[in-house]
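Asks: The following comprises the amino acid sequence and a computationally predicted model.
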Amino acid sequence: MTIEETARPAIRTVDLTKVYKDTVAVDHLDLEIRDGELFSLLGVNGAGKTTTIKMLSTLTAPTSGEAYIYGINVARDPVKIKELVDISMQETAVARKLTVEENVEFYARLSGQTRDEIEASKKYVYAAFGLEQVAKKQAAKLSGGWQRKLSIALALVSKPKILFLDEPTLGLDVIARRELWKTIRELKSQMTIILTTHYMEEAEALSDRIGVMKAGKLLFTGTKDELFAQTGKTSVEDAFIEIVAGGESDA
């Protein structure tokens, strides 16, 4: 990370908007995410969370407005952006017929890594997720928790500066969810993480700051303490309900 990069927010959006036919999915979003923080983006279904991270990770183009990753315009320089970010979507994205090791090697080759770099990537994600114990197992035979770990591990192969996690623990049992929380905490010191989740206790446990969206609009950004102070509540779930029910922007 250069001095120039650290002087800027990791992510900044200005009037970022996405319209699908007659539906405004993201509505003039102004957002800053700091370098090195874990930022949780909360909202009910259709709030615009996934569309936002798809625009920031170049998976879909904005209708209008601008987004910047370390000062680089996302729309104007998508190739450079792809070198800086990676994403793990809520749909577990693994090659089910390949082993864990083969999945990691395949993704590393897609990233253009050399043989030595591939071996280094394997060591890195194995250590981060404990994958060495299932390295020779076919992905299809893994439990849901292990498949989610592998899916997120693949997003780390490119060693991104920014990692987008879209509903990373969706469908996992409580034990698997807590194990993945531990891994995500350990990743916080290595990169900027943007997390979308429906689990309010997840946001409460992991976040440095929280954003709340409704109908494409950003209603709140701040720390948990700031969220509690604004709403008079003592849990993220109760505060979230208060913000969304009110619907007025305080971002």
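Replies: Structure's in. What do you need? Residues are numbered from 1 along each chain as shown.
Asks: worst-scoring helix or strand of this structure, pLDDT-wise?
Replies: helix 3-6 (a mean of 42; mean pLDDT, DSSP states H and E).
Asks: What's the first helix or strand after it?
Replies: strand 11-20 (DSSP states H and E).
Asks: so what does that following strand touch, helix or strand wise?
Replies: With contacts defined as 3 or more C-beta pairs under 8 Å, 6 or more residues apart in numbering; DSSP states H and E, the packing partners of strand 11-20 are strand 23-33, helix 49-56, strand 64-69. In this view, the C-beta of every residue, glycine as well, is placed from N, C-alpha and C.
Asks: okay, the angle between that strand and strand 64-69?
Replies: 140 degrees (axes from the mean of the first three to the mean of the last three C-alpha atoms, to 10 degrees).
Asks: what residues does strand 11-20 touch?
Replies: With contact meaning C-beta atoms under 8 Å, 6 or more residues apart in numbering, strand 11-20 is reached by 24-33, 48, 51-52, 55-56, 60, 62-69, 162, 192, 194, 216.
Asks: 7 Å instead, please
Replies: Contact with strand 11-20 is made by 25-33, 51, 55-56, 60, 62-69, 162, as judged by C-beta atoms under 7 Å, 6 or more residues apart in numbering.
Asks: buried subset of these?
Replies: 25-27, 29, 31, 33, 51, 55-56, 60, 62, 65, 67-69, 162 (16 or more other C-beta atoms under 10 Å).
Asks: Which pair of these spans the longest distance?
Replies: Asp27 and Ile162 (22.9 Å; C-beta to C-beta).
Asks: Lys217 contacts Val26, doesn't it?
Replies: No. Checked against C-beta atoms under 7 Å, the pair Lys217 and Val26 is beyond contact range at 8.5 Å.
Asks: Can I get the helices and strands packed on strand 11-20 in CSV including distance to Glu237 and mean pLDDT?
Replies: Putting the helices and strands packed on strand 11-20 into CSV (distance: least, C-beta to C-beta, whole Å; pLDDT from 0 to 100) gives the following:
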stretch, distance to Glu237, mean pLDDT
strand 23-33, 22, 97
helix 49-56, 16, 95
strand 64-69, 29, 97
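Asks: How about the contacts made by the residue nearest the centre of the chain?
Replies: The residue lying closest to the centre of the chain (C-alpha atoms, centre = their mean) is Phe164, at 2.2 Å. Phe164 makes contact with 53, 56-57, 85, 87, 194 under the criterion C-beta under 7 Å, 6+ apart.
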